[in-house]
Structures are given as C-alpha cells and as structure tokens.
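Participant: Okay, predicted coordinates and the sequence, questions at the end:
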Amino acid sequence: MWALLSANFNSKKIIIMKKNVFLFIGLGLILYSCSKKEINWGAWSDNIMLSKKSAEFNAIGDSITITTKGIGWMISNVTVISVDTLFFYNFNGINFLSGNYVIKQNCFDVEHRDSHTLFIKVDANPYNVKRIIDVGLQSGDFGAEVTVTQKTK
C-alpha cells in the first residue's frame with residue numbers, strides 16, 4: 001500500500017514539474033520574441049505625405065505652396081527663430097475643423113487652404129541673421145514639419 005501511495009505522489013509531482021517546465025519554456029519564448037521587436041506604441045506611419053519638407057526663401061519675402069497626399073491634418077504649431085525665438089501655439093479664434101483657415105502673425109501667414117494644400121508666406125527679413133520658420137502639422141498620432149529658411153537682408 002505504501003508503494004502505491006508513494007508512486008501516486010511521485011506521478012503528481014512529475015506532472016506538476018512538467019507543467020512548470022512548459023510554463024517556464026513558454027514564458028522564455030515570449031520574452032525572447034518581445035525583446036527582438038521594436039514596439040512603438042502610438043507611432044503612426046507618415047499619413048500626411050508632404051510634397052516638400054523644406055524651402056529656402058530670399059530676404060525680401062517669399063511664399064510656397066506645399067501639397068499633401070494625406071488628408072485630415074491640421075497646423076499644430078509655428079516656430080520662428082530669428083533674433084529671438086518666438087513660439088506660437090495658441091491660435092485663438094481659428095476653427096481647425098474647417099476646410100480653410102489662415103494663421104497670421106507679425107512676419108508670416110500660414111494657410112490650410114484645403115485638405116491637400118498648405119501655403120506659407122513670409123514677409124521681408126529686416127535682420128542680419130537668417131530666419132527659420134518651422135510649421136508643425138499633425139494628423140492623428142503622426143507629426144510632420146516644414147522648415148523654411150529665410151536669407152538675411
């Protein structure tokens with residue numbers, strides 16, 4: 001009788017050990033496969049698809065029309081770097097859901113003309129330093145930027 005109880009106890013122990021071995025092997029495979037992949041939570045691919053991401057303007061003022069293949073984007077920010085850095089991010093009174101809107105500040109106009117067209121106009125550069133204007137665009141969880149470099153006077 002003791003032999004039967006002992007054999008039964010050992011077989012239960014072996015079954016538990018086998019389950020633990022399979023559990024550890026499975027966990028190890030999961031950890032190994034996760035360590036080999038780059039996981040970018042919330043990182044979308046380029047859904048704006050700009051025709052141009054940079055432009056060089058002359059000192060007396062210039063403009064550019066940039067097209068997009070994607071739709072559903074909006075202007076998220078405009079940064080002007082010149083004598084000092086100016087960051088415009090709170091565009092009061094602008095309906096970003098409309099098909100057309102213009103952001104006007106002291107040295108630039110940035111216009112969302114339609115779902116495929118961005119227009120940037122920059123006034124003359126009165127300074128002896130180059131002026132850089134970055135226009136940020138956002139579509140969902142993807143952001144893009146157009147950089148305009150304006151020559152000195």
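Facilitator: On my side now, so go ahead.
Participant: hey, let's count contacts and neighbours off CA atoms from now on
Facilitator: Noted.
Participant: Mean pLDDT per helix and strand in the chain: which one sits at the bottom?
Facilitator: For the chain, using mean pLDDT, DSSP states H and E, the weakest element among its helices and strands is helix 2-35, scoring a mean of 62.
Participant: And the next helix or strand past that helix?
Facilitator: strand 54-57 (DSSP states H and E).
Participant: Just list what that following strand packs against, helices and strands only.
Facilitator: strand 142-150 (3 or more Cα pairs under 8 Å, 6 or more residues apart in numbering; DSSP states H and E).
Participant: which strands and helices sit next to the strand it packs on?
Facilitator: strand 54-57, strand 131-139.
Participant: Can you tell me the SS state at the closest residue to residue 129 other than its chain neighbours?
Facilitator: In this structure, residue 129 finds its nearest non-sequential neighbour in residue 152, 5.2 Å apart by Cα to Cα, 6 or more residues apart in numbering. Of the three states, residue 152 takes coil according to DSSP: H, G, I helix; E, B strand; the rest coil.
Participant: State the distance from residue 152 to residue 56.
Facilitator: 11 Å (Cα to Cα, to the nearest Å).
Participant: Over to residue 114?
Facilitator: For residue 114 relative to residue 56 (Cα to Cα), the value is 23 Å.
Participant: Next: residue 66.
Facilitator: Following Cα to Cα, the distance that separates residue 66 from residue 56 is 13 Å.
Participant: joint contacts of those two?
Facilitator: The contact sets of residue 66 and residue 56 do not overlap (Cα atoms under 8 Å, 6 or more residues apart in numbering).
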